[in-house]
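**Student:** fold the following.
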Amino acid sequence: MKTLILVKHSLPEMIPTIPAKEWRLSKSGQVRCKVLAEKLESYRPDVIISSVEPKAIETAQIVAYRLNKPFRTFEGLHEHDRTGGDFLDKEQFEAKVNISLCIQIDWFWVKRQPTKQLKGSQKR
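**Tutor:** Alright, predicted model coming up:
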């Protein structure tokens, strides 16, 4: 049986004036890729595939090199599109994500409740 392992790219160098999809890895991110490769080694991957974003490509290339595995990119694996959005510092970004997740969880819960409860009826 084949196993799919999904891994987020390593730490990018976040430059507010450059779109996130163009960010490259930070020095720390490059170092962390070596640790990532060590952790992935026991899974014995056949190939390392990444999105076409520079930070993902760099992560995958370092891991592939360390594991002596082939590497390739694949369209459509990118992060959500933040084009046109403001740059948020870590705290602002996490607050927005938390709000978004709460809204999505609320929607998920509401959509799965029986219709009678949604209309205000009590279940008996």
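**Student:** make it CA atoms for all contacts and neighbour counts henceforth
**Tutor:** Fine.
**Student:** and Glu13, what are its phi and psi?
**Tutor:** Taking degrees, to the nearest 10, you get phi -90, psi 110 for the backbone angles of Glu13.
**Student:** that one touches Lys21, doesn't it?
**Tutor:** No. Contact criterion C-alpha atoms under 8 Å: Glu13 and Lys21 do not qualify, at 11.5 Å.
**Student:** for the closest residue to Met14 other than its chain neighbours, give me its contacts.
**Tutor:** In space, and not counting its chain neighbours, Met14 is closest to Trp23: 6.5 Å by C-alpha to C-alpha, 6 or more residues apart in numbering. If a contact means C-alpha atoms under 8 Å, 6 or more residues apart in numbering, then Trp23 has Pro12, Glu13, Met14, Ile15, Glu53, Pro54, Lys55 as its contacts.
**Student:** Ala20 is in contact with the third one, correct?
**Tutor:** When you say that, I think you mean Met14. Yes. Between Met14 and Ala20 there is a contact under C-alpha under 8 Å: 7.3 Å.
**Student:** which of these two has more neighbours?
**Tutor:** More crowded of Met14 and Ala20, by other C-alpha atoms under 10 Å: Ala20, with 21 against 16.
**Student:** for the closest residue to Phe71 other than its chain neighbours, grab phi and psi.
**Tutor:** Closest residue to Phe71 apart from its sequence neighbours, by C-alpha to C-alpha, 6+ apart: Ile48 at 4.8 Å. Per-residue torsions, Ile48: phi -110, psi 120 (degrees, to the nearest 10).
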